[in-house]
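>>> fold the following, please.
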Amino acid sequence: MKDGYKREIDYLRISLTDRCQLKCQYCVPEAGIERMPIHQLLTKEEIKQIVQVFAKLGVKKLKLTGGEPLLRPDLVSLVAELKAIDGIEEMTLTTNGVGLAKVLDDLVEAGLDGVTLSLDTLDSLRYGLLTGRNQLQSVLLGLEQALKSSIKKVKVNCVVIKELNKDEILEVAKLAKDQRVHVRFIEWMPLGANQKFTSVSEAEILKQLKDSYGSVKPFTEKLGNGPARYFEIEGFQGKIGFISALSHHFCRTCNRVRLTCNGFLKTCLYFDQGVDLKTALATEELENQILKALKLKPKSHDFNHQREAGRELKSMVQIGG
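Sure, this is the predicted structure:
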């Protein structure tokens, strides 16, 4: 399945809810957001119908996100039923990790192939200030359980922001030293109404790593389904990755689209354009609407210039970044 620029689209990110028990400063605006009424969220059957069509068109990899996907009560059965769809080869989950330890074994049994935990600080007090709740120990327990499990891929995402956690880059990177976890540093993206932070570039982070650990070499083997670029450090079990939307445009190789929790298909994180697949389900126009949206997928985002026309005004928690 190709978009209008001949890029192969084989990866679908699905937001299961816009609810989250945390309130990360860069994800949820200070004024908060109006949550989606429960009855407007996609049901399990609607998600399955949509994924079946995507699989028919060539999507092979699914990422379940939120909000916080672990708050979805039917998550385990949803994982099992989506993984069973013909053509779906890989199923991964991105979570804040707060409730992961309790449900991880069930998710692995259901067919989950990988888990990514959002973890922006290892300081307990700072974690509470950044997220609104001090749940760091619960997250670290979830990470420990994931590393002990048979799950294939375990990753940590760290959004690096000058005003919040730039001084913890080396400490977070150390998670990959003695454990089989890949640590990815993400450049903060000025999305929606949250425009008050300063991004830390991949080059700045790499410099810190090289100054501390010496040689940091590019890792050329494939480790994930998305845009991350990976590096290896001698003596580290895991790899260090970068998702650098601002300093290293990866739009040329974009292979993904996003489904919001109420059924809107977003073809680019930056823009608000797309199609309503929930409505398309009712009119039996699902496949046609998906193909139509792909033809309109933008060539690239515009985070660097912040062009206003068509810019997404919702926050990350609402669209399942």
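>>> so where's the stretch 1-150 of the chain uncertain?
Nowhere does the stretch 1-150 of the chain drop to pLDDT under 70.
>>> Ser15 pairs with what?
In this entry, Ser15 is beta-bridged to Thr65, by DSSP bridges.
>>> and the helices in the stretch 151-300 of the chain?
169-173, 202-213, 277-283, 286-295 (DSSP state H, counting those that start in this stretch).
>>> same check on the stretch 1-150 of the chain?
In the stretch 1-150 of the chain, the helices defined using DSSP H, counting those that start in this stretch lie at 44-57, 75-83, 100-110, 124-131, 136-148.
>>> neighbouring contacts of the shortest one?
If I follow you right, that is helix 124-131. Outside of helix 124-131, the residues within contact range by CB atoms under 8 Å, 6 or more residues apart in numbering are 22-25, 96, 120-121, 134-137, 139, 164-165, 168. Using the backbone N, CA and C atoms, a C-beta is placed for each residue, glycine as well.
>>> circling back to that earlier point, could you dump the helices of the stretch 151-300 of the chain to JSON lines with mean neighbour count, mean pLDDT and distance to Pro73?
Formatted as JSON lines, these follow (neighbours: other CB atoms under 10 Å; pLDDT from 0 to 100; distance: least, CB to CB, whole Å):
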{"stretch": "helix 169-173", "mean neighbour count": "18", "mean pLDDT": "97", "distance to Pro73": "32"}
{"stretch": "helix 202-213", "mean neighbour count": "16", "mean pLDDT": "96", "distance to Pro73": "38"}
{"stretch": "helix 277-283", "mean neighbour count": "16", "mean pLDDT": "92", "distance to Pro73": "20"}
{"stretch": "helix 286-295", "mean neighbour count": "17", "mean pLDDT": "94", "distance to Pro73": "25"}
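>>> can I get those helices in a markdown table including distance to Val183?
Converted to a markdown table, the helices of the stretch 151-300 of the chain look like this (distance: least, CB to CB, whole Å):
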| stretch | distance to Val183 |
| --- | --- |
| helix 169-173 | 6 |
| helix 202-213 | 10 |
| helix 277-283 | 34 |
| helix 286-295 | 32 |
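>>> for Ser247, find the nearest of those helices.
helix 202-213 (5.1 Å; CB to CB).
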